[in-house]
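> task: produce atomic coordinates for the following.
(one chain, ligands or ions: 1)
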Amino acid sequence: MNDSSNVMSDLFDLPSFLGEFSLAAAARGFSRHLLLETEDGPILAWERLGEAPPIYLSAGIHGDEPAGPLAALRLMEEGAFPTDRHCIVCPALNPGGLVLQTRANRRGADLNRDYNILSCQETIAHTRWLSSRPVPSLFISLHEDWETAGFYFYEINLGEDNVRRATDLLSAVSAHFPAELGPGIDGHLLRGPGWIFHRAEPDLPDSWPEAIWMAKRGCSLSFTFETPSKAALKDRVAAHVDGSLALLDRLPKAFTETDSMDGVGFMPLCGS
Ligand SMILES: [Zn+2]
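Take a look at the predicted model:
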């Protein structure tokens, strides 16, 4: 079976991963772009041209969160990215962290807090390359959390509200994990179980994650998934895959549909 099972280990092997990703992406017609060569390996982006605006997925910016890169690989292998849209995938944004299996890069910097200051070579190279591309209309960012037992996600939405999309996403993931219950997660109030509806502003003014940089660039819709690190890796990967598919499979409907908030049973928005 052609899947990611031979790199499905808690010990993340970056060279093997990049080799497998290159093969899978080439088979799907993606071209490879070298963003930066680091001492631990390259930062690579894969791109397949199509109708703009692009769909963009990133993973592996925290090196101790291997489920995201492995899910990106499986999505690529399964042909999950829409063939008529411009698609961009950056599956392993922190080579040093992935090699060392640390959240930070080799120099101790949390890359996902560096997108305003841009003090790291990784974030500089990444933003420079992304800035040469059209602004995505959908950004999916794959992460993990050591402190939770369920799944949750952040949504940043500068356009139409869509409750059904969020409930469909949680429903797709529910085969693997329940939605993390509140009242709060990581200092944020929940809009509903597992759902942080985040404004397009950073929690700390000088520590932007990639999702805030994307929103400031004009990306109107982003989802950051968080799977529970303490659970089995295969379940975390499956949750990321099924959550991503729930968003990708509803394209382009996702950008035109507006669902009523009435009767869905979610708590009112409390803020974030
Ligand atoms: Zn993370």
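> could you find the closest non-adjacent residue to residue 58?
Spatial nearest neighbour of residue 58, chain neighbours left out: residue 90 (4.4 Å); criterion: C-beta to C-beta, 6 or more residues apart in numbering. Where you see a C-beta, it was placed from the backbone N, CA and C, and this is true even at glycine.
> I meant residue 54, not that one.
Leaving aside its sequence neighbours, residue 54 sits nearest to residue 86 (C-beta to C-beta, 6+ apart; 4.0 Å).
> the helix or strand hosting the one you found pairs with which strands?
Secondary structure from DSSP states H and E places residue 86 in strand 85-90. Strands that pair with strand 85-90, judged by DSSP bridges, come out as strand 41-48 (antiparallel), strand 51-59 (parallel).
> any chance of the ones you listed in CSV, with mean pLDDT, mean neighbour count and distance to residue 16 too?
Formatted as CSV, the strands paired with strand 85-90 follow (pLDDT from 0 to 100; neighbours: other C-beta atoms under 10 Å; distance: least, C-beta to C-beta, whole Å):
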stretch, mean pLDDT, mean neighbour count, distance to residue 16
strand 41-48, 98, 20, 11
strand 51-59, 97, 22, 16
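> let's have those in CSV, adding distance to residue 225.
Converted to CSV, the strands paired with strand 85-90 look like this (distance: least, C-beta to C-beta, whole Å):
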stretch, distance to residue 225
strand 41-48, 19
strand 51-59, 9
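> these: which one's closest to residue 165?
strand 51-59 (14.5 Å; C-beta to C-beta).
> touching the ion at all, the helix or strand that comes right after that closest one?
Next in sequence after strand 51-59, counting helices and strands by DSSP H and E, comes helix 67-77. No. For helix 67-77, no contact with the ion is found by C-beta under 5 Å from the ion; the gap never falls below 7.8 Å.
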